[in-house]
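J.: From the sequence below, what's the structure:
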Amino acid sequence: MSLVFAGIMSHAPGITGRADRAPAELRDGLYAAFGRLREALEAAKPDAVIILAAEHFGNFFMNNMPAYALGMGEEYDGPIEDTAWLRIPHRLVKGNADLSRRLITNILNTVDVSYAEEWRFDHGIMVPLNFLDPENKMTVIPGNINCQGPPLTPLHRVWAFGEAIRRAADAVPERIALIGTGGLINEDWDREFLGRWLENDKAALLSYTDEAIYRDAGQGGFEIRTFIATAAAARGKGELWFYAPIPIYAVGCTSAVMEIV
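T.: Presented below is the predicted three-dimensional model:
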């Protein structure tokens, strides 16, 4: 079929783990935006959702750190973190190994992507699932871009990965949705980046250097890679549904969608 939905959202563990410590109006606004994202995702009727995250050393470590990875299992479980700390109960998440294999095979024509038949989800995927799939009904294909252990993949390669995901999605009969998740943390920098993302301005999005990102946005800024890959896959313009810095969550909380063209 094709890619039928694309969106981005924050995944910081404080969004659930410290939910009651945020100002109510900000928390409620964020949760409402995530609910709107869930409704839009459900309306697209995807057969599978690729959740493209930045894995936090739960499965991949410095002894084996792929630049890109996709899950190829029939099921996954999470969270890998303590459930009382994250305040998300443990669940088994349905995968589709055959669909994953077909997508991965197509992506490998242009981008070297690793695969994992076993994957325990950390907060990077479990926080989004908590809001997007509260009834645990969706078929999920986890994706990871290394945003933790330098050397990090260059941004132009991230764009190529997003384009490869789009080509692969368009080549299968199933309806595919894509959610990019990450962390922003410096309000002025975040808003500038989101402006570039909403315009899908490739040149501007790829103009960042890792040195400048780390200086101005910290470690979490490297996770813009998941947002950039989503923009490359969608090709359209974006619509921002929520952005606000919520310090107790340690993230500039974001929810947005992008037109598929």
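J.: just checking, residue 140 touches residue 126?
T.: No. Applying CB atoms under 8 Å, one finds residue 140 not in contact with residue 126, separated by 10.6 Å. Any C-beta I mention is one placed from the backbone N, CA and C, and that applies to glycine too.
J.: all strands of the chain, in order?
T.: 2-10, 48-53, 68-71, 75-78, 91-94, 114-116, 140-145, 175-182, 235-246, 251-260 (DSSP state E).
J.: now the ones you listed as JSON lines including mean pLDDT?
T.: Below are those laid out as JSON lines (pLDDT from 0 to 100):
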{"stretch": "strand 2-10", "mean pLDDT": "97"}
{"stretch": "strand 48-53", "mean pLDDT": "98"}
{"stretch": "strand 68-71", "mean pLDDT": "98"}
{"stretch": "strand 75-78", "mean pLDDT": "98"}
{"stretch": "strand 91-94", "mean pLDDT": "98"}
{"stretch": "strand 114-116", "mean pLDDT": "97"}
{"stretch": "strand 140-145", "mean pLDDT": "98"}
{"stretch": "strand 175-182", "mean pLDDT": "98"}
{"stretch": "strand 235-246", "mean pLDDT": "98"}
{"stretch": "strand 251-260", "mean pLDDT": "98"}
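J.: closest to residue 131 out of these?
T.: Checking these against residue 131 by CB to CB gives strand 2-10 as the closest, at 7.6 Å.
J.: elements contacting the closest one?
T.: With contacts taken as 3 or more CB pairs under 8 Å, 6 or more residues apart in numbering; DSSP states H and E, strand 2-10 sits against helix 24-43, helix 123-132, helix 155-171, strand 175-182, helix 224-234, strand 251-260.
J.: What are the buried residues along the first one?
T.: To tie it back to what came earlier, the one meant is helix 24-43. The neighbour-count check on helix 24-43 (16 or more other CB atoms under 10 Å) flags 26-27, 29-31, 33-34, 37-38, 41 as buried.
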